[in-house]
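Asker: can you look at this prediction? I've put the sequence above it.
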Amino acid sequence: MKHPASRELYAYWQELRGRRPAPERSEIEPVAIPGILSEIFILALDRAARYPFRLAGTRVCALFDRELKGVPFLELWDETSRRTLADLLAILADEWVGTVAGVSAHNTEGQAIDLELLLLPLSATRPALQRSIGVLAPLKAMPGVGASPLGALTLGSRCHVGPAVEKRLLPRLLTPRGRRGFIVYDGGRS
């Protein structure tokens with residue numbers, strides 16, 4: 001994780017979850033993480049609704065120059081990234097495995113922007129209440145955030161995170177749709 005907000009949220013999430021796969025949504029206390037609230041968002045893990053934002057911090061909303069509450073998360077992404085993100089969110093919901101990823105975009109002025117995405121599961125008493133907490137933040141300071149909103153996001157490199165990965169229990173692999181080819185997975189000898 002490159003962005004300080006991602007590292008802080010992940011450490012807080014780890015502390016809250018203890019030995020469980022994920023903490024409860026009700027355990028998240030904004031006063032415990034005041035410095036990163038503007039970069040945090042919460043998604044409803046509702047596949048049919050395309051994972052709508054339940055809330056989004058001010059800096060996340062400023063990236064797109066609009067309020068994101070209720071907006072489907074997948075709407076922010078280019079077509080290729082949408083399919084992969086839907087798969088990553090399904091893994092998150094079904095297997096309690098988070099993801100950290102590089103993201104690229106262009107603002108309306110054509111400037112390339114690099115961001116970091118962190119998605120972590122939150123448990124719930126009922127499947128309809130299942131959520132994900134995350135961070136979406138630019139890796140470099142963006143002067144005039146909101147003056148030139150971002151266009152479609154493109155998913156870059158990604159890595160699974162969480163207790164299942166730490167125990168060497170790998171989540172199901174994402175298979176490329178409609179194509180065959182050579183795929184390199186990180187690994188190797190210790």
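Answerer: Alright, I've got the coordinates.
Asker: right, and residue 64 touches residue 75 too?
Answerer: No. Taking contacts as C-beta atoms under 8 Å, residue 64 lies outside contact range of residue 75: 9.9 Å. C-beta: built from backbone N, CA, C; applies to glycine.
Asker: name the residue in these two with the higher neighbour count.
Answerer: Higher neighbour count among residue 64 and residue 75: residue 64, with 19 against 14, using other C-beta atoms under 10 Å.
Asker: so which strand or helix has the most centrally placed residue in the chain?
Answerer: Nearest to the mean C-alpha position of the chain, counting by C-alpha atoms, centre = their mean, stands residue 119 at 3.1 Å. Here residue 119 sits within strand 112-122, counting by DSSP states H and E.
Asker: contacts for the next helix or strand after that strand, please.
Answerer: Tracing the chain past strand 112-122, the next element assigned as helix or strand by DSSP H and E is strand 131-138. Applying C-beta atoms under 8 Å, 6 or more residues apart in numbering, the set of residues contacting strand 131-138 from outside is 3, 5-6, 9, 13, 25, 28, 36, 39-45, 51, 54, 59-60, 63, 89, 92-93, 103, 113-122, 124, 145.
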